[in-house]
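[1] Sequence first, then the predicted structure:
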Number of protein chains: 2
Amino acid sequence: MDQSICPRFEKAMGLLSQRWTGLIIYQLLSGPQRFCNMESSIGVSGRVLSERLKDLENEGIVNRAVFPETPVRIEYSLTDKGKSLAPLMEEIEKWSQNWLEV
Amino acid sequence: MDQSICPRFEKAMGLLSQRWTGLIIYQLLSGPQRFCNMESSIGVSGRVLSERLKDLENEGIVNRAVFPETPVRIEYSLTDKGKSLAPLMEEIEKWSQNWLEV
DNA sequence: ATATCCAGTTACTTTATGTAAGTTAGTATA
DNA sequence: TATACTAACTTACATAAAGTAACTGGATAT
């Protein structure tokens, strides 16, 4: 294994190539979301969603806000770092529309 | 699980979120590569590299060319569909440079 | 008292990936 | 003739990641 690939690029790929991470970010680009909402709209299991949201929070990509209502409301949203992924998501969208069949 | 996410986008994400797929495409953007070369430059095991290259060939993203030399030379390269991922890779590169530490 | 809701967590199963050795074909070397 | 070397895989086995479904806890509503 030599040094040819930029470590930042590798890290970014490592993030995006985690299963569900891309879809989670994509969903959050349309606004803050609740846990149960993401679970059903993305189709990811609670076990993994919980894990991914923690990772993304640790990476500074996702923010977690607690509203002590009844029942408790917790909103996940994108930080600036997270929002800065919008152009990348648009590229994926464009490519998928130009090159993929349904 | 509702219908909110475009199925093409989901498929694109499904491809990119396979471990190693992004790095394989990224490496191939710099030109045709041989199996043993990718194995060492990316750091992926032969078992998975073989699997990924077959998948990408089936998707029409990668082309496999056999040169009957001794020992045999097999070159993997990107098809037009594969090359069309360049802008997306550039976005990942840009984002990683702006937002990630090494 | 029982049930409901959200946001998770836990235990257990299935799938994906890593590791290291083996295979095949064509030379080259001893 | 026998052994060795190379590239490109494949196979068998071990470990890690993800899926599934049941469960928890606090606050209410029936």
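    Arrived safely, thanks for sending.

[2] Sketch out the low-pLDDT regions of chain A for me.
    Along chain A, segments meeting pLDDT under 70 span A:1-3.

[3] quick one, strands of it?
    In chain A, the strands defined using DSSP state E lie at A:33-34, A:62-67, A:73-78.

[4] Just give the nearest non-adjacent residue to A:Thr79, would you?
    Of all residues beyond its chain neighbours, the one nearest A:Thr79 is A:Asn63 (5.3 Å), with distances taken as CB to CB, 6 or more residues apart in numbering or on different chains. C-betas here are computed from N, CA, C, even on glycine.

[5] wouldn't the one you found be in contact with A:Asp80 here?
    No - the pair A:Asn63 / A:Asp80 is not scored as a contact, 9.8 Å apart, by CB atoms under 8 Å.

[6] So what pairs up with the residue nearest to A:Thr79 in the strands?
    Judged by DSSP bridges, the bridge partners of A:Asn63 are A:Ser77.

[7] out of the strands of chain A, nearest to A:Ile92?
    strand A:73-78 (16.0 Å; CB to CB).

[8] list the buried ones in the closest one?
    A:Ile74, A:Glu75, A:Tyr76, A:Leu78 (16 or more other CB atoms under 10 Å in any protein chain shown).

[9] For A:Leu56, which residues are in contact?
    Neighbouring residues of A:Leu56 by CB atoms under 8 Å, 6 or more residues apart in numbering or on different chains: A:Thr21, A:Ile24, A:Ile25, A:Val62, A:Gly82.
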